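Undergrad: coords please:
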Amino acid sequence: MSDIGKLFERAGWVCTMPETGLWQSSFFTDREEEYALYVMEVDDWVHFAVTPLLPPLPNSQAPRLHAALLTLNQQMRNAHFALDSEGDVTLVADIAQRQLDDAAFSAILDALVFYTERLTGELWRIATDPTYHSPLIKG
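TA: A predicted model of the protein is given here:
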């Protein structure tokens, strides 16, 4: 088992450990919105999740948002979008435990914060404004 708490500390983040193998932290975007970050060890993998990135949307808005998520997933590095069982959009990253070190941990945190700041507002607009065409979505 990795010492995720120490990795958070060395990266300059504060975290709690609500249960064995699960760490929780949070961060604020430039717009002063707070997001929860979870890190979980399962077998030989470490999973990161910013959740919820977006809450569930009405069924009429979901197809447009889901198409955008799939398109953006192809453009992203070190992270991707997922949907949980309640329909929340989650930003996730995974790394093999043997590859996890300070540099990799910090790079994943940086990617998650970057994509949260850069894409959350854009995704909300895509989902809620049917006339909006994002410059991030080609075609």
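Undergrad: next SSE after the helix or strand of the chain with the lowest mean pLDDT?
TA: When each helix and strand of the chain is scored by mean pLDDT, DSSP states H and E, helix 62-75 comes last, with a mean of 94. Where DSSP states H and E defines the elements, the next helix or strand beyond helix 62-75 is strand 80-83.
Undergrad: what packs against that next one?
TA: Contacts defined by 3 or more CB pairs under 8 Å, 6 or more residues apart in numbering; DSSP states H and E place strand 80-83 against helix 62-75, strand 89-96. (Glycine included, C-beta is placed from N, CA and C.)
Undergrad: So which residues of this structure form strands?
TA: For the chain, the strands defined by DSSP state E occupy 16-19, 22-28, 34-42, 45-54, 80-83, 89-96.
Undergrad: Nearest to residue 103 among those would be which one?
TA: strand 89-96 (11.2 Å; CB to CB).
Undergrad: Pull up the pairing partners for that closest one, direction included.
TA: Sheet pairing of strand 89-96 (DSSP bridges) gives strand 45-54 (antiparallel), strand 80-83 (antiparallel).
Undergrad: How much space separates the residue lying closest to residue 29 once chain neighbours are set aside from residue 28?
TA: Spatial nearest neighbour of residue 29, chain neighbours left out: residue 117 (4.6 Å); criterion: CB to CB, 6 or more residues apart in numbering. Look at residue 117 and residue 28: by CB to CB, to the nearest Å, they are 10 Å apart.
Undergrad: most centrally placed residue in the protein?
TA: residue 91 (2.4 Å; CA atoms, centre = their mean).
Undergrad: and that residue, what are its bridge partners?
TA: Here residue 91 sits in beta bridges with residue 50, residue 81, going by DSSP bridges.
Undergrad: Repeat that for the one 5 residues further on.
TA: Bridge pairing for residue 96 (DSSP bridges) gives the partners residue 45.
Undergrad: To what extent is it buried, counted in neighbours?
TA: The burial count assigned to residue 96 is 11, neighbours taken as other CB atoms under 10 Å.
Undergrad: ok, it - contacts?
TA: Listed by CB atoms under 8 Å, 6 or more residues apart in numbering, the contact set of residue 96 reads 44, 45, 46.
Undergrad: correct me, but the first one touches residue 97?
TA: By that I understand residue 44. Yes: here residue 44 reaches residue 97: they are 4.9 Å apart, a contact under CB atoms under 8 Å.
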